[in-house]
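Colleague: my questions concern the predicted model and sequence given below.
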Amino acid sequence: MSANLDATNNDVISRNIIRDMGNGVLVIDKANRIISFVNDSAAKILDKTKEEMIGQKFAACFFEYEENDAFNDCVNKAIYESDVSHKMTTPYYTGKETKTLYVTSSYTKDDNGKPVGVVLILDDITEKAKLEQRLMKNQVGTIMMMAELVESRDGNTGGHIKRTAEYVKIIAQQLFDDKKFPEEIDDKFLNDITTAAPLHDVGKISVSDAILNKPGRLTDEEFAIMKSHAAVGRKLLKDAVEATEHSSFLDTAIDMAGAHHEWWNGRGYPDGISGDKIPLSARIMAIADVFDALVSKRVYKPGMPLEKAYAIIREETGTHFDPVCVEAFFKAQEKIERVLKSHADD
């Protein structure tokens, strides 16, 4: 009798804990996807009453807004793959506001060990996400200011930053349209590479004005200092990532800053890596960066005629540049030239 009472008491205690806990708890029957349990916190987070959810099919409760496609996909994945746990961050639209939810899924089993129900733990991290977004915006803003400072110290108007960002966007889009590198290039890649591009030379913040703007040939020692900007930029961006929650574009920025001077044949710097060991974003930036450097006027040189610059790009295909990326560059040549004209330095 005592054992039964203990079991009953434990069950009551467990139910009370689940009912009163701050995290939302939602239980869905795996077979028919009917919601069988909702605690008070889940009802508050999802902005629905328990009566609106319990006994209803999951699809009937949450498919009213297109904005909840990601949330629905998240829950469906947990249902279909209920033999494993999932942890996902997803937006959720209540009809009045968009929240950010951290969803953890687990499962319940029958006596034979077969998953029969999915348990979703919902954590409303909206305010935390907003704070992290603000911190990230400030962090990125600081880094962008550093990149623009480098441009101003380099004797340029900032046109190089704008042009190279447009060039990499055009080349990456052409690769996407041509179905090249399908495992790497998607909408997220296109957004990340465009956002990250202005940071490719941020490491030049560590190079003196005398070296950046020297009108003549650099000495071996000066060139070694100039080359250090790739490794410095990579470290600077890595430190920024470690200091705060970050967007994926910063990972792309790290790749671009650290590897846009690598050569396809392995004779570049700072690491001497070659071929597809060089991140794709950096291989694209390598073309954009060199092309813009060739055709743009600098304090120490005039701009090169387009045809001569094109000839150099072709000549260094397979040695300096990835041949597939060069092909995309020339296929998008008209768009490249429009950018060069619209963002020309004074």
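Modeller: It's in.
Colleague: what sits against the closest residue in space to T317 that isn't next to it in sequence?
Modeller: Nearest non-adjacent residue to T317, counting by CB to CB, 6 or more residues apart in numbering: V326, 4.5 Å away. For the C-beta atoms, the positions are set from N, CA and C on the backbone; glycine is no exception. By CB atoms under 8 Å, 6 or more residues apart in numbering, the contact set of V326 is I287, I313, R314, T317.
Colleague: doesn't V326 belong to a helix?
Modeller: Yes - using DSSP: H, G, I helix; E, B strand; the rest coil, the assignment for V326 is a helix.
Colleague: and it, what's its pLDDT?
Modeller: Note on V326: pLDDT of 99.
Colleague: just to revisit the earlier point, from the contacts of V326, which land in helices?
Modeller: I287, I313, R314 (DSSP state H).
Colleague: which non-adjacent residue is nearest the last one?
Modeller: Leaving out its chain neighbours, the residue that sits closest to R314 by CB to CB, 6+ apart is V326, at 7.3 Å.
Colleague: next: K44.
Modeller: G24 (7.4 Å).
Colleague: show me where the stretch 151-300 of the chain has helices.
Modeller: Secondary structure of the stretch 151-300 of the chain (DSSP state H, counting those that start in this stretch): helices at 159-177, 187-196, 209-212, 220-243, 248-259, 280-295.
Colleague: out of these, which is closest to D29?
Modeller: helix 187-196 (34.3 Å; CB to CB).
Colleague: how about the residue lying closest to F189 once chain neighbours are set aside, what does it touch?
Modeller: Setting aside the residues directly before and after it, F189 is nearest to A172 in space (CB to CB, 6+ apart), at 6.9 Å. Residues in contact with A172 (CB under 8 Å, 6+ apart) are I185, F189, L190, I193, T194, I284.
Colleague: let's go with 10 Å and repeat that
Modeller: By CB atoms under 10 Å, 6 or more residues apart in numbering, the contact set of A172 is 180-181, 184-185, 189-194, 197, 280-281, 284-285, 288, 325, 328, 332.
Colleague: assign a three-state SS to T319, would you?
Modeller: coil.
Colleague: that one is in contact with A286, isn't it?
Modeller: No - the criterion here is CB atoms under 10 Å, and T319 misses it with A286 at 11.5 Å.
Colleague: what do the two both touch?
Modeller: Common neighbours of T319 and A286 (CB under 10 Å, 6+ apart) are W263, W264.
Colleague: which of these two has more residues huddled nearby?
Modeller: Taking other CB atoms under 10 Å, T319 and A286 do not tie; A286 has more neighbours (27 against 12).
Colleague: how about that one: what's its closest non-neighbour residue?
Modeller: Nearest to A286 is H260, by CB to CB, 6+ apart, at 5.2 Å.
Colleague: got the phi and psi for the one you found?
Modeller: Per-residue torsions, H260: phi -70, psi -10 (degrees, to the nearest 10).
Colleague: list the contacts for it?
Modeller: Neighbouring residues of H260 by CB under 10 Å, 6+ apart: 164, 168, 197, 200-201, 230, 233, 268, 278-279, 281-290.
Colleague: look up phi and psi at the closest residue in space to V116 that isn't next to it in sequence.
Modeller: With CB to CB, 6+ apart as the criterion, V116 has its nearest non-adjacent residue at 4.9 Å, and that residue is D110. The phi and psi torsions at D110 (degrees, to the nearest 10) take the values phi -90, psi -170.
Colleague: start at 52, not 1
Modeller: In the new count, where the first residue is 52, that last one comes out as D161.
Colleague: so where do the strands sit in the stretch 52-201 of the chain?
Modeller: 75-80, 86-89, 137-144, 149-160, 166-175 (DSSP state E, counting those that start in this stretch).
Colleague: turn those into JSON lines, columns for mean neighbour count.
Modeller: Output for these, formatted as JSON lines (neighbours: other CB atoms under 10 Å):
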{"stretch": "strand 75-80", "mean neighbour count": "21"}
{"stretch": "strand 86-89", "mean neighbour count": "20"}
{"stretch": "strand 137-144", "mean neighbour count": "16"}
{"stretch": "strand 149-160", "mean neighbour count": "17"}
{"stretch": "strand 166-175", "mean neighbour count": "19"}
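Colleague: between those strands, which gets nearest to G354?
Modeller: strand 137-144 (46.3 Å).
Colleague: how about the CA coordinates for the closest one, as PDB?
Modeller: What follows is strand 137-144, C-alpha atoms only, in PDB (Å, rounded to 0.1, in the frame of the first residue of the first chain):
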ATOM      1  CA  HIS A 137      16.100  17.800 -31.400                       C
ATOM      2  CA  LYS A 138      17.000  21.300 -30.300                       C
ATOM      3  CA  MET A 139      15.900  24.100 -32.600                       C
ATOM      4  CA  THR A 140      15.500  27.900 -32.600                       C
ATOM      5  CA  THR A 141      12.500  29.100 -34.600                       C
ATOM      6  CA  PRO A 142      10.300  32.100 -35.100                       C
ATOM      7  CA  TYR A 143       6.700  31.800 -34.000                       C
ATOM      8  CA  TYR A 144       3.900  34.300 -35.000                       C
END
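Colleague: pLDDT averaged over that strand - what is it?
Modeller: 85.
Colleague: please name the strands paired to it in the sheet, noting orientation.
Modeller: Strand 137-144 has the following sheet partners, assigned by DSSP bridges: strand 149-160 (antiparallel).
Colleague: any idea of the angle the strand it pairs with forms with strand 166-175?
Modeller: 150 degrees (axes from the mean of the first three to the mean of the last three CA atoms, to 10 degrees).
Colleague: much appreciated, bye for now.
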